[in-house]
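Engineer: Provided below for reference: sequence and predicted model.
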Amino acid sequence: MPLRLYNTSSRNLEEFEPSNGNKVTMYSCGPTVYTYAHIGNFRTFVFMDLLKRYLKFLGYEVNHVMNITDVDDKIIQRCSEEDRSREDLTREFTDAFFKDMESLNIEPASKYPKATDHIEEMQSLIAQLITKDYAYQSKDGSIYFRLDKYPDYGRLSKIDREGLAQTERVSNDEYDKGSIHDFALWKAWKEEDGDIAWDSHWGRGRPGWHIECSAMSMHYLGETFDIHTGGIDLMFPHHENEVAQCVCATGLTFAKYWLHNEHLVIDGAKMSKSAENFYTLRDLLNKGHSSTEIRYLLLSTHYKQKVNLTFEGLRAAASAVERLRELKRKLEKSAVDVENAADQGPIGDFREAMNDNLNISAGLAVIFDWARELNRRLDNEGLSAFEASEALSFLSKIDSVLGVIEDEEIELSKEDLELIKERETARREQNWSRSDEIRDYFKKKGILLEDTPDGTIAVSI
RNA sequence: GGCGUCGUACCCAAGCGGUCUAAGGGAACGGUUUGCAAAACCGUCUUUCGUCGGUUCGAAUCCGACCGACGCCUCCA
């Protein structure tokens, strides 16, 4: 079975066929950098990482662009509250964002364009829309998109405009607009914006939120590209508006495949600051959870399904990862030439599972089935050095998708290595008190010594 | 009101009409193994899939009703 993905555009599973051979163009909505990203944001980023890693596993080359929103209402508000410059604030949280991404072992995108570095591209897109009469300037100088001119509006998110008209939130928010649903492409400068403004043909101001993704995605990936990802909440209005802007400007299809991931909930409830169940990655790390177990938990639930973050779930994730890592350590004990070993394992079954719209649960089941069988053999007849190498090679291939098995090796000092040797001698001589003494010494350092038929393994606790 | 999602054994979770007396992970309990551990392996928790009906030779899977949880409808990953 070829790779099939659920395309929000058609609300159907579709066979994935990139426009340009094995080159895939992919755009993901990134963070607004006015505070630390929360763990729910990272569910989304881990999902796009899984998708990208899997495409690469299948042999695709992925050109992945993720924007950094470094100008918007919340940023301006934060700057004014803290009396900081926009540059200063957004630099701090952009840095924090990249640090968190790295900690979750999320592979960097090919490019992370900042909105403020692409004001020109946005302005030129707006100009095109004005020329084609899809946009107009209101009395206050802002530029709005003219929804009435675009009958397909609402197609992606299945929102119908009649329904829109009835929501209170909109009607309470009247502007000098042609229609109350028209959205801003360019926001005219207001006093509270301070010095956060750029010159344009239409006067000083700043870009609307949606225009940055339209301008930057097309700038880096072309007017039509393969995959657009984002959290399910962005479907409307953000992605709907992106589509409107691009399609009206170019007359072409914008993104071919739209992939939206579900949200994360905490103990089954929506995460919110008032419910006191709001966590950043840092919060969880400070509570003693590892970034690996967090990544595994975020990864192990299908992306179209809400993932429930619980502390019990995190512990379960940690155990599951440890199971695979333990197997890897055992294999390493007897492997020889991993570099040259062909991978040997149920790679086809794994691919089959993942090709079904990234059915990670089924994929993991394949891996754990394989792991149990291998452990059984290790317990019974044992593996040859060559077989162990082949198994390791398989594990490494799988981990190129999962990104949770590879672990930093414990660094043992010369003295520690000597002690381990001494213990092995003591054990041979049945000197159990000395042997246990050494094991206790390591335990106090947070290292567990496990005795296997192939020798002693040091594991960090 | 509109659009959409979901309810599977102690917990998480796959399943998309027969191979389901339900994959996989976690927890617990027993056993094997081990100098003791740790890890691993074996077994139990599993005739059951929110409830009630219907369709079918056959349903966790399709249809209907009901109950329950939830998301979006211009702040939002």
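Structural biologist: Okay, I see it. Every value quoted in this text rests on a predicted model; they were computed, and no experiment measured them. Numbers count the residues shown, from 1 in each chain, chains lettered A, B, ... in the order given.

Engineer: give me the residue from chain A nearest RNA strand B.
Structural biologist: Distances between chain A and RNA strand B by C-beta to the nearest atom of the strand are smallest at residue A:231, namely 1.3 Å. C-betas here are computed from N, CA, C, even on glycine.

Engineer: quick one, what contacts residue A:78?
Structural biologist: If a contact means C-beta atoms under 8 Å, 6 or more residues apart in numbering, then residue A:78 has A:34, A:35, A:84, A:89 as its contacts.

Engineer: try it again with 10 Å
Structural biologist: Applying C-beta atoms under 10 Å, 6 or more residues apart in numbering, one finds that residue A:78 lies in contact with A:33, A:34, A:35, A:72, A:84, A:86, A:89, A:90, A:93.

Engineer: Do you know the pLDDT at it?
Structural biologist: Residue A:78 is assigned a pLDDT of 94 by the prediction.

Engineer: Residue A:336 now?
Structural biologist: Model confidence at residue A:336, expressed as pLDDT, equals 77.

Engineer: nearest spatial neighbour of it, skipping sequence neighbours?
Structural biologist: For residue A:336, the nearest residue in space outside its immediate sequence neighbours is residue A:385; the separation is 4.2 Å by C-beta to C-beta, 6 or more residues apart in numbering.

Engineer: What count of nearby residues applies to that neighbour?
Structural biologist: Using other C-beta atoms under 10 Å, the number of residues around residue A:385 comes to 14.

Engineer: separation between it and residue A:119?
Structural biologist: For residue A:385, the distance to residue A:119 (C-beta to C-beta, to the nearest Å) stands at 60 Å.

Engineer: Name the nearest residue to the residue of chain A closest to RNA strand B, sequence neighbours excluded.
Structural biologist: Beyond its immediate neighbours in the sequence, the residue positioned closest to residue A:231 (C-beta to C-beta, 6+ apart) is residue A:44, lying 4.7 Å away.

Engineer: which secondary structure element contains the one you found?
Structural biologist: In this structure, residue A:44 sits in helix A:39-57 according to DSSP states H and E.

Engineer: Dump the C-alpha coordinates for that helix into PDB.
Structural biologist: Taking C-alpha atoms only, helix A:39-57 is exported to PDB below (Å, rounded to 0.1, in the frame of the first residue of the first chain):
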ATOM      1  CA  ILE A  39       3.200  21.400  25.600                       C
ATOM      2  CA  GLY A  40       0.100  21.500  23.400                       C
ATOM      3  CA  ASN A  41       2.100  23.500  20.800                       C
ATOM      4  CA  PHE A  42       4.700  20.800  20.900                       C
ATOM      5  CA  ARG A  43       2.200  18.100  20.100                       C
ATOM      6  CA  THR A  44       1.700  19.900  16.800                       C
ATOM      7  CA  PHE A  45       5.400  20.300  16.200                       C
ATOM      8  CA  VAL A  46       6.200  16.700  17.100                       C
ATOM      9  CA  PHE A  47       3.500  15.600  14.700                       C
ATOM     10  CA  MET A  48       5.000  17.500  11.800                       C
ATOM     11  CA  ASP A  49       8.400  16.100  12.800                       C
ATOM     12  CA  LEU A  50       7.000  12.600  12.600                       C
ATOM     13  CA  LEU A  51       5.500  13.300   9.200                       C
ATOM     14  CA  LYS A  52       8.700  14.800   7.900                       C
ATOM     15  CA  ARG A  53      10.900  12.000   9.300                       C
ATOM     16  CA  TYR A  54       8.600   9.400   7.900                       C
ATOM     17  CA  LEU A  55       8.600  11.000   4.400                       C
ATOM     18  CA  LYS A  56      12.400  11.000   4.600                       C
ATOM     19  CA  PHE A  57      12.300   7.300   5.700                       C
END
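
Engineer: Any part of it near RNA strand B?
Structural biologist: Yes: applying C-beta under 7 Å from any atom of the strand, one finds that helix A:39-57 is in contact with RNA strand B at A:40, A:41, A:43, A:44.

Engineer: Show me what counts as buried in stretch A:45-63.
Structural biologist: Across stretch A:45-63, burial judged by 16 or more other C-beta atoms under 10 Å covers A:45-58, A:60, A:62-63.

Engineer: what is the mean pLDDT for it?
Structural biologist: Per-residue confidence for stretch A:45-63 averages out to 97 on the pLDDT scale.

Engineer: Give me the next element, helix or strand, following the helix holding residue A:44.
Structural biologist: Once helix A:39-57 ends, the next helix or strand along the chain (criterion: DSSP H and E) is strand A:61-66.

Engineer: and that following strand, what does it pack onto?
Structural biologist: Contact analysis of strand A:61-66 by 3 or more C-beta pairs under 10 Å, 6 or more residues apart in numbering; DSSP states H and E lists strand A:23-28, helix A:39-57, helix A:209-221, strand A:225-231 as its packing neighbours.

Engineer: rerun at 8 Å
Structural biologist: Packed against strand A:61-66 by the contact rule (3 or more C-beta pairs under 8 Å, 6 or more residues apart in numbering; DSSP states H and E) you find strand A:23-28, helix A:39-57, helix A:209-221.

Engineer: what angle separates the last one from strand A:61-66?
Structural biologist: For helix A:209-221 against strand A:61-66, the angle between stretch directions is 150 degrees (axes from the mean of the first three to the mean of the last three C-alpha atoms, to 10 degrees).

Engineer: for the first one, same thing?
Structural biologist: Interaxial angle, strand A:23-28 versus strand A:61-66 (the same axes, to 10 degrees): 20 degrees.

Engineer: Strand A:23-28: which residues count as buried?
Structural biologist: Neighbour-count burial for strand A:23-28 flags A:24, A:25, A:26, A:27, A:28 (criterion: 16+ other C-beta under 10 Å).

Engineer: Same check on the last one?
Structural biologist: In terms of neighbour count (16+ other C-beta under 10 Å), helix A:209-221 has its buried residues at A:209-221.

Engineer: The stretch 201-350 of chain A: helices as residue ranges?
Structural biologist: Here the stretch 201-350 of chain A has its helices, by DSSP state H, counting those that start in this stretch, at A:209-221, A:240-250, A:281-286, A:291-299, A:311-334, A:347-355.

Engineer: Kindly export the fifth one (C-alpha atoms) in CSV.
Structural biologist: Included here for helix A:311-334 are C-alpha records, laid out as CSV according to Å, rounded to 0.1, in the frame of the first residue of the first chain:
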residue,chain,number,x,y,z
PHE,A,311,1.6,11.8,34.6
GLU,A,312,0.7,8.2,34.6
GLY,A,313,0.9,8.3,30.8
LEU,A,314,4.3,9.9,31.0
ARG,A,315,5.6,7.1,33.2
ALA,A,316,4.2,4.5,30.8
ALA,A,317,5.9,6.2,28.0
ALA,A,318,9.2,6.2,29.9
SER,A,319,8.9,2.4,30.4
ALA,A,320,8.1,1.8,26.8
VAL,A,321,11.1,3.7,25.6
GLU,A,322,13.3,2.0,28.2
ARG,A,323,12.2,-1.4,26.8
LEU,A,324,13.5,-0.5,23.4
ARG,A,325,16.7,1.1,24.7
GLU,A,326,17.4,-1.9,26.9
LEU,A,327,17.2,-4.2,23.8
LYS,A,328,19.5,-1.9,22.0
ARG,A,329,22.1,-2.0,24.8
LYS,A,330,21.9,-5.8,24.8
LEU,A,331,22.4,-5.9,21.1
GLU,A,332,25.3,-3.6,21.3
LYS,A,333,27.0,-6.0,23.7
SER,A,334,27.2,-8.6,21.0
